[in-house]
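Peer 1: Generate a structure from the sequence data that follows.
(3 chains)
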Amino acid sequence: MLIYILSLIGVSVFAVSGALAAGNKNYDWIGVFAIAFVTAVGGGTLRDLLLNRSAVFWVADPNYLWTVLISTVLILIYAKYFQPPFNLLLSADAFGLALFSISGAQIAEQYSSAGIVIVLMGVITGAVGGVIRDVLTQEAPLVFSPKENLYSSAAMIGIICYLFSKTLGVGGTTASLIGIAVILLVRFSAIIWQIRLPAFNPRKS
Amino acid sequence: MLIYILSLIGVSVFAVSGALAAGNKNYDWIGVFAIAFVTAVGGGTLRDLLLNRSAVFWVADPNYLWTVLISTVLILIYAKYFQPPFNLLLSADAFGLALFSISGAQIAEQYSSAGIVIVLMGVITGAVGGVIRDVLTQEAPLVFSPKENLYSSAAMIGIICYLFSKTLGVGGTTASLIGIAVILLVRFSAIIWQIRLPAFNPRKS
Amino acid sequence: MLIYILSLIGVSVFAVSGALAAGNKNYDWIGVFAIAFVTAVGGGTLRDLLLNRSAVFWVADPNYLWTVLISTVLILIYAKYFQPPFNLLLSADAFGLALFSISGAQIAEQYSSAGIVIVLMGVITGAVGGVIRDVLTQEAPLVFSPKENLYSSAAMIGIICYLFSKTLGVGGTTASLIGIAVILLVRFSAIIWQIRLPAFNPRKS
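Peer 2: Here you go, the predicted model:
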């Protein structure tokens, strides 16, 4: 139940991040809702398609859609009068990333026993929504950029810690809390000290 | 049968719209066919994937592919000698949008009882092909732009009218005709009087 | 077994092509791996989703993911010290295209008897990875460009020859070797003599 409420909060935060990105491109209301929607549910949707789950999560449970809709309406109203609280959003986004990545990994565990598949599905769940957002707003994907502090790498490290904890015999709930904590720790450290992955500069003739 | 022929016409019109968009980017023939293809079947394909239908519609019925292929060849020949009839295409596109949206909603009804899922699937069926077309031709998605007259909003309003009519006890066929009529009415009104959704301008510091 | 090893080599080559494209955009390491991944497995993944296969190929067999990972690490190291061997890569890419296209067509044959579906699925398997790579690196899709020598057209011609050989009674293995040979022949000829499809220039007012 707690996990469910947290995941709705994650969806809400990602929807707001998408809505604001669409606003920066001066998209219209439908565009804002569309970008909010793909940002919030895009990662989990791709995971569900790739795992060939019997139903995509928001078709099975439309509460996710209502969460996106209501969050988008609220931010549309709020941002008309006030400047969005970017620092709060940045923190909330880190929670969304952590929750989505670990819950995505847990779902993947039901479909595959290969660690590399589980890690990848977790990262996809957490980070792909933002990639689709960037494609649809014609921006270079932020998560691939050396200007972004550790983001999908944070998710990856956290999921590996989650899997490793379980291998060591830690229970599922504890292991997922460890994974979430590691993602938050890495992400916040990366934001505070601007830790980034190096860019790849292939040698040119 | 009439619905089937109308949906092939819808596919044909969307294919032509995609082919011309590719032509404006001077893509080669394969590029033109590819853009025509994704524009025509992209929305219905995403709907089928999201609903986890047993087969994507154009794999189950290749007539849709032949329709795309023949339409693209014809417009390639036609547009070499004559200027494409943009006003006719704009009207035909509205019919395509109306047919796709209502038929998409009807298919979604078989998989979900949630109104918000049905509306969303209808809009996806009608509008997503154009979004993929814009992404692949490196344009800002037109349907999200405040420069475009009501498009996906027209689809949304029509699908809601369709569902509402059924709730009031109207038969399925009549309800779908009502939905289609509403979409055409809203879209044509929007084109004639340039009715648009406002843009979202979040407050900046 | 030979086919399996060849397809792993194809994945490896496509991963390197994606990694170098990401490097040209100065993406960070995660971005490089992500682009390598979608370039290498994007086409086959879309095919598996569209055919509603019970499992996407790299979820069923994670060796493909390890191949992408190892190939990306190796090219990251290699390209730091040496200029990538572009001509070798161009040849290897042609082999990848040929293998992916014919194996994609063979998989599609198990799900559809329609020639147009089989050809399309083969071309999707061979060419879509490169399209996603170009979208994510904000480039106009190369395979749609009249500046690119015959690429997806080569795949299409080869698959048609493969299907035609089978219609004439040629065995499956021989037919696939014919298809692969035709794709390589057309692609290498197109590179050497710069054979291209014409661009589509619709008439403007």
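
Peer 1: Give me the neighbour count for residue A:159.
Peer 2: Using other Cβ atoms under 10 Å in any protein chain shown, residue A:159 has 29 other residues around it. Yep, even glycine has a C-beta here, placed from its N, CA and C like the rest.

Peer 1: I should have written residue A:87 there, sorry.
Peer 2: Residues within reach of residue A:87, counting by other Cβ under 10 Å, total 9.

Peer 1: likewise residue A:121?
Peer 2: Neighbours around residue A:121, by other Cβ under 10 Å: 28.

Peer 1: Any regions of chain A where pLDDT drops low?
Peer 2: For chain A, the stretches flagged by pLDDT under 70 are A:1, A:204-205.

Peer 1: Point me to the residue of it nearest chain B.
Peer 2: Proximity to chain B, evaluated over chain A using Cβ to the nearest Cβ, is greatest for residue A:31 at 2.6 Å.

Peer 1: element containing that residue?
Peer 2: helix A:29-50 (DSSP states H and E).

Peer 1: Quick check: the residue of chain A nearest chain C.
Peer 2: Here the residue of chain A nearest chain C is residue A:144; by Cβ to the nearest Cβ that distance is 2.6 Å.

Peer 1: tally of neighbours for the closest residue to that residue other than its chain neighbours?
Peer 2: In space, and not counting its chain neighbours, residue A:144 is closest to residue C:31: 2.6 Å by Cβ to Cβ, 6 or more residues apart in numbering or on different chains. Residue neighbour count, defined by other Cβ under 10 Å, stands at 29 for residue C:31.

Peer 1: what's near enough to touch residue C:31?
Peer 2: Counting by Cβ atoms under 8 Å, 6 or more residues apart in numbering or on different chains, residue C:31 touches A:141, A:143, A:144, A:145, A:200, C:22, C:25.

Peer 1: what's the neighbour count on the third one?
Peer 2: Meaning residue A:144. Residue A:144, neighbours per other Cβ under 10 Å, totals 28.

Peer 1: how about it, what does it touch?
Peer 2: Applying Cβ under 8 Å, 6+ apart, we find residue A:144 in contact with A:131, C:22, C:27, C:28, C:30, C:31, C:32, C:34, C:35, C:136.

Peer 1: tell me which parts of chain A are close to chain C?
Peer 2: Contact residues, chain A versus chain C (Cβ under 8 Å from any Cβ of the partner chain): A:49-52, A:111-112, A:114, A:116-117, A:120, A:131, A:135, A:138, A:140-141, A:143-146, A:148, A:151-153, A:156, A:196-205.

Peer 1: mind checking the SS state of residue A:195?
Peer 2: Classification of residue A:195 by DSSP: H, G, I helix; E, B strand; the rest coil places it in coil.

Peer 1: Kindly apply the preceding question to residue A:150 instead.
Peer 2: Secondary structure, three-state DSSP: residue A:150 is coil.

Peer 1: List the contacts of the helix or strand hosting residue A:163.
Peer 2: Taking DSSP H and E as the criterion, the element that holds residue A:163 is helix A:152-167. Under the criterion Cβ under 8 Å, 6+ apart, residues A:97-98, A:101-102, A:105, A:115, A:118-119, A:122-123, A:126-127, A:143, A:172, A:174-176, A:178-183, A:186-187, A:190, A:197, C:30, C:34 lie in contact with helix A:152-167.

Peer 1: hang on, the earlier thing: just put the contacts of residue A:144 in a markdown table and tack on distance to residue C:87.
Peer 2: Formatted as a markdown table, the contacts of residue A:144 follow (distance: Cβ to Cβ, whole Å):
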| residue | distance to residue C:87 |
| --- | --- |
| A:131 | 32 |
| C:22 | 21 |
| C:27 | 24 |
| C:28 | 28 |
| C:30 | 29 |
| C:31 | 26 |
| C:32 | 22 |
| C:34 | 26 |
| C:35 | 22 |
| C:136 | 25 |
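
Peer 1: ok, and the most crowded of those?
Peer 2: Highest count within the contacts of residue A:144 by other Cβ under 10 Å belongs to residue C:35, 31 neighbours.

Peer 1: The helix or strand in which residue A:77 is found: which residues count as buried?
Peer 2: Residue A:77 belongs to helix A:63-81 when assigned by DSSP H and E. Residues of helix A:63-81 classed as buried: A:64, A:65, A:67, A:68, A:69, A:71, A:72, A:75, A:76, A:79 (neighbour count, 16 or more other Cβ atoms under 10 Å in any protein chain shown).

Peer 1: what sits against the last one?
Peer 2: Counting by Cβ under 8 Å, 6+ apart, residue A:79 makes contact with A:19, A:20, A:23, B:200, B:202, B:203.

Peer 1: Next one: it from residue A:8, what distance?
Peer 2: From residue A:79 across to residue A:8, the span is 21 Å (Cβ to Cβ, to the nearest Å).

Peer 1: try the third one
Peer 2: Look at residue A:67 and residue A:8: by Cβ to Cβ, they are 5 Å apart.

Peer 1: pretty sure residue A:69 contacts residue A:34?
Peer 2: No - the pair residue A:69 / residue A:34 is not scored as a contact, 11.6 Å apart, by Cβ atoms under 8 Å.
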